[in-house]
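Engineer: Using only what follows, build the 3D model:
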Amino acid sequence: MTYESHLIELPEDAPWHEKPGESIVRQGDISQIPDVDVTEQDLGGTGEDPTNWLVAGGSYQAQRHTTADVITPENVDQLETEYRLEVADHPNDFQGSPVLVDGDPPIMYATVGPDLLYAINARTGEVLWRHFYRPLVGASDSTPPAERGPAVLGDTVYKSTLDLGVIAIDRYTGEEQWYYNGAAAYRGEVAEDGPMHEELMWERSRGTTSSFPPLIYDGMLMKGSFGGEFGVSGFFDGISLEDGSPQWRVNMTPPHEWVGESWQHGGATAWASGALEPESGTVVIPSANPGPWYGTVRPGYNPYSCGKVAVNAEDGEYQWHHQDSPHDWWDYDSPSPPVVFEADVEGETRTFATWPGKTGWVYTVDMETGQLHQRSDEYVQHLNTFNLPPYDDLESAPWIMPDLIGGTNPQPSAYDPTTQTLVVKGTNYPIKFSWFEVEYQAGETFIGMDTVRRTEPVQPQQQDAPEVADEPEAEIGEQREGGAVGNETETIGNETGAGNETVEPGAQREGDETTNETTAVNETANETAGNETAGDDLHEARDDGGDGDGGEEEDEEQPIPQFNEEPVEEWNQNAGVIAGIDPLTGDVKWQNWFSWRLGPPWGGSLTTATGVTFAGGPGGYLHAFDTESGERLTTKVVGNHGVDGAPISWYDPNEGKQYVAITGGGGNQVEEEGNTIAVYSLQE
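Structural biologist: Now for the predicted structure:
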């Protein structure tokens, strides 16, 4: 790449502090929140401190690894259920990772879409306050957007908002401190009519947005943008922690590296969380697909799309970039957060960044230069991969694997430094692509691709081996006593418990940066596409007169008959996998497959210092695996719904227990959605 600054000039007269939406706060017994000073030194050390989980990825390096050692492979089956907390009044897309501030009691901060933030007594599950932000542009009722967690420092908890902002909230009271308006200027132009630039104003839904937590480092708060299917140009912001003022903005489609004006609608949004190498202050940012999906109107490699870009946290300047799928046609963006780790290579200690991609391989690059060290063996199937789609002719298109959901989508991986194992999740469906021409219109989808996915085999194999146990080891509905704000600690009903044979998993939903132009192959996918209004009782009926954005016709789409009986002989009929991979050698150590009848595993994973891996799975489960061998050690019930969140763990010295918590819910595995925070523990 020809080095030239990729920074966008920040106009001083933009309404950077003008809040487009409104906030509502409800308080419970906030006196329970202990006075604990969270410093940047604490953030930097959280990966080694077993008593807290202060960064969404478990550390700046995003290894999702705990040093707590009470839980071991030998006793993990003795985990007890502390509580299951139902948050929000309507089922939703719950894909986040909480943060945990140690104290007596520890306090958990968790988000759920759209735009809800909770402070919770982590021992009892009591909700101490909740903050609801209603964005100006609204949130879709039929496909509510995911929320993936907050960030914390000092007396403040921070969350991204669905209108491209960041809101700083007093973590003791839930009251707002300041708001940063990321939509105040766009491509260097100040918003003219109102607080948001007109090209960034569309209703937020699962297919158009994501609220990953900001990243805090050295006085700077960093977050990205979204809307890759709306013809935007992605950006990544550095914001002052002192007052929310913008400091720098990275253009994720640098004009000097794109042909003509194609960069202006080039996508490459930075909608997922980054990781950081704290000694150098280098941030590694995931990037999304280019726009439109078909590549004829955007010649060249289209940096930084479908890969990772490293920048300096102090000033946002370019360090290096790597593209998993240059000049992409298949929606193979690279949203999974990277993991930074050290390893000895030929007697020298080196630092690497590694991540799984939608392409179905793990990429490991040198952290200093970005040079590729290793592309792993495949952990999902590959079939006609990178085959260029035909023009307006799905019938002649070949089946391709992976499909546009992955490989790995936004699911954060976990890394165990002792065994040098990266635990990844992957989706394993075939798909057909066919492109057509489309013109950019602000607020409309900018894709130009027809697709049809195979989520059920034409002739199912007789031997399906579900990874989920038939007899769960926990009972749905059990919950410890403990108050809450309103009725938010209602238990989950037993009628269709996870693992019950009467539960019929549905097809996977479209991914987070994927709109509903995609056509499902089977009727199950169509039946699961429509959902009831999401949120909680703070959500009032929308008054904008709208009925959803332009891409939400999935409820009415019908299967394409000529593809219903077209087999994909090469497909192993598994929907997805949890796998352990050595990122240095690229070897796949183990794979646990999930049948098409169950659906793919979604959400993140967690490793422990004792060699246990925790990961959610389809059907409402939390699984525990041996990190080195992949042997399933035990299974716990989360709820009657998908388990799309990422687990965390901490040790409570006042209780002498190690806890594991996971946010469950979401429509990526089963028909039933939900908003459950499930917490388990083991006494030392």
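
Engineer: use CA for all of it now, contacts and neighbours both
Structural biologist: OK.

Engineer: what residue lies at the spatial centre of the chain?
Structural biologist: When C-alpha atoms, centre = their mean is applied to the chain, the residue found nearest the centroid is Pro410 (4.0 Å).

Engineer: who are the neighbours in contact with it?
Structural biologist: 272, 334-337, 512, 603 (C-alpha atoms under 8 Å, 6 or more residues apart in numbering).

Engineer: got those as CSV, with distance to Trp355 and pLDDT columns?
Structural biologist: Listed next are the contacts of Pro410 as CSV, based on distance: C-alpha to C-alpha, whole Å; pLDDT from 0 to 100:
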residue, distance to Trp355, pLDDT
Ala272, 12, 93
Ser334, 8, 97
Pro335, 9, 95
Ser336, 7, 96
Pro337, 7, 96
Asp512, 18, 42
Gly603, 15, 91
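
Engineer: With neighbour count and secondary structure as extra columns, can I get the residues you listed in CSV?
Structural biologist: As requested, these are arranged in CSV below (neighbours: other C-alpha atoms under 10 Å; DSSP: H, G, I helix; E, B strand; the rest coil):
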residue, neighbour count, secondary structure
Ala272, 28, coil
Ser334, 33, coil
Pro335, 31, coil
Ser336, 30, coil
Pro337, 29, coil
Asp512, 21, coil
Gly603, 32, coil
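
Engineer: Tell me the one of these nearest Ala119?
Structural biologist: Gly603 (21.6 Å; C-alpha to C-alpha).

Engineer: mind listing what the nearest residue to that closest one once chain neighbours are set aside touches?
Structural biologist: The spatially closest residue to Gly603, leaving aside those adjacent along the chain, is Asp644, at 4.1 Å (C-alpha to C-alpha, 6 or more residues apart in numbering). Counting by C-alpha under 8 Å, 6+ apart, Asp644 makes contact with 93-96, 601-604, 616-617, 663-666, 668.

Engineer: List buried residues within those.
Structural biologist: Buried by 16 or more other C-alpha atoms under 10 Å: 93-96, 601-604, 616-617, 663-666, 668, out of the contacts of Asp644.

Engineer: By pLDDT, give me the weakest of these.
Structural biologist: By pLDDT, Asn668 ranks lowest within the buried ones among the contacts of Asp644, coming in at 52.

Engineer: which regions of the stretch 501-650 of the chain lie under the pLDDT threshold?
Structural biologist: 501-561 (pLDDT under 70).

Engineer: the strands in it, which residues?
Structural biologist: Secondary structure of the stretch 501-650 of the chain by DSSP state E, counting those that start in this stretch: the strands cover 519-520, 574-581, 588-595, 605-608, 612-617, 621-626, 632-637, 648-652.

Engineer: Show me what the last one packs onto, helices and strands only.
Structural biologist: Taking 3 or more C-alpha pairs under 8 Å, 6 or more residues apart in numbering; DSSP states H and E as contact, the helices and strands that strand 648-652 lies on are strand 657-664.

Engineer: okay, the angle between the strand it packs on and strand 612-617?
Structural biologist: Angle, strand 657-664 to strand 612-617, by axes from the mean of the first three to the mean of the last three C-alpha atoms, to 10 degrees: 20 degrees.

Engineer: List the strands paired with strand 657-664, with their directions.
Structural biologist: strand 648-652 (antiparallel), strand 676-683 (antiparallel) (DSSP bridges).

Engineer: Take the ones you listed and write them to TSV, including mean neighbour count and distance to Asn312.
Structural biologist: Below are the strands paired with strand 657-664 laid out as TSV (neighbours: other C-alpha atoms under 10 Å; distance: least, C-alpha to C-alpha, whole Å):
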stretch	mean neighbour count	distance to Asn312
strand 648-652	26	28
strand 676-683	23	35
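
Engineer: In this structure Glu229 contacts Ile447, no?
Structural biologist: Yes. Assessed by C-alpha atoms under 8 Å, Glu229 is found in contact with Ile447 at 6.0 Å.

Engineer: which of the two has more neighbours?
Structural biologist: Between Glu229 and Ile447, Glu229 has the larger neighbour count (other C-alpha atoms under 10 Å), namely 31 against 25.

Engineer: The more buried one and Ser305, how far apart?
Structural biologist: For Glu229, the distance to Ser305 (C-alpha to C-alpha, to the nearest Å) stands at 13 Å.

Engineer: so how far is stretch 133-140 off the chain centroid?
Structural biologist: Counting by C-alpha atoms, centre = their mean, to the nearest Å, stretch 133-140 is centred 20 Å from the centre of its parent chain.

Engineer: Just the endpoints, please. Distance across that stretch?
Structural biologist: OK, stretch 133-140 end separation, C-alpha to C-alpha: 14 Å.

Engineer: helices and strands of this protein: which one bottoms out on pLDDT?
Structural biologist: Lowest on mean pLDDT, DSSP states H and E among the helices and strands of the chain sits helix 523-529, with a mean of 29.

Engineer: Low-confidence ranges, this protein, go.
Structural biologist: Filtered on pLDDT under 70, the chain yields the residue ranges 1-3, 462-561, 666-672.

Engineer: all helices of it, in order?
Structural biologist: Secondary structure of the chain (DSSP state H): helices at 40-45, 523-529, 561-564.

Engineer: Can I get the last one in PDB, CA atoms only?
Structural biologist: Translated: helix 561-564. These are the backbone C-alpha positions of helix 561-564, laid out as PDB (Å, rounded to 0.1, in the frame of the first residue of the first chain):
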ATOM      1  CA  PRO A 561     -39.000 -24.300  -6.000                       C
ATOM      2  CA  GLN A 562     -36.200 -25.300  -8.500                       C
ATOM      3  CA  PHE A 563     -33.700 -25.400  -5.600                       C
ATOM      4  CA  ASN A 564     -35.700 -27.400  -3.100                       C
END
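
Engineer: List the buried residues for that helix?
Structural biologist: Buried residues in helix 561-564 (16+ other C-alpha under 10 Å): Phe563.

Engineer: is it possible to export the strands paired with strand 657-664 to a markdown table including distance to Trp178?
Structural biologist: Listed next are the strands paired with strand 657-664 as a markdown table, based on distance: least, C-alpha to C-alpha, whole Å:
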| stretch | distance to Trp178 |
| --- | --- |
| strand 648-652 | 28 |
| strand 676-683 | 28 |
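
Engineer: closest one to Met201 among the ones you listed?
Structural biologist: Checking those against Met201 by C-alpha to C-alpha gives strand 676-683 as the closest, at 30.7 Å.

Engineer: between the closest one and strand 621-626, what angle do the directions make?
Structural biologist: Going by the same axes, to 10 degrees, strand 676-683 is angled at 40 degrees with respect to strand 621-626.

Engineer: Could you list the residues in contact with strand 676-683?
Structural biologist: 70-71, 76, 78-87, 638-639, 655-665.
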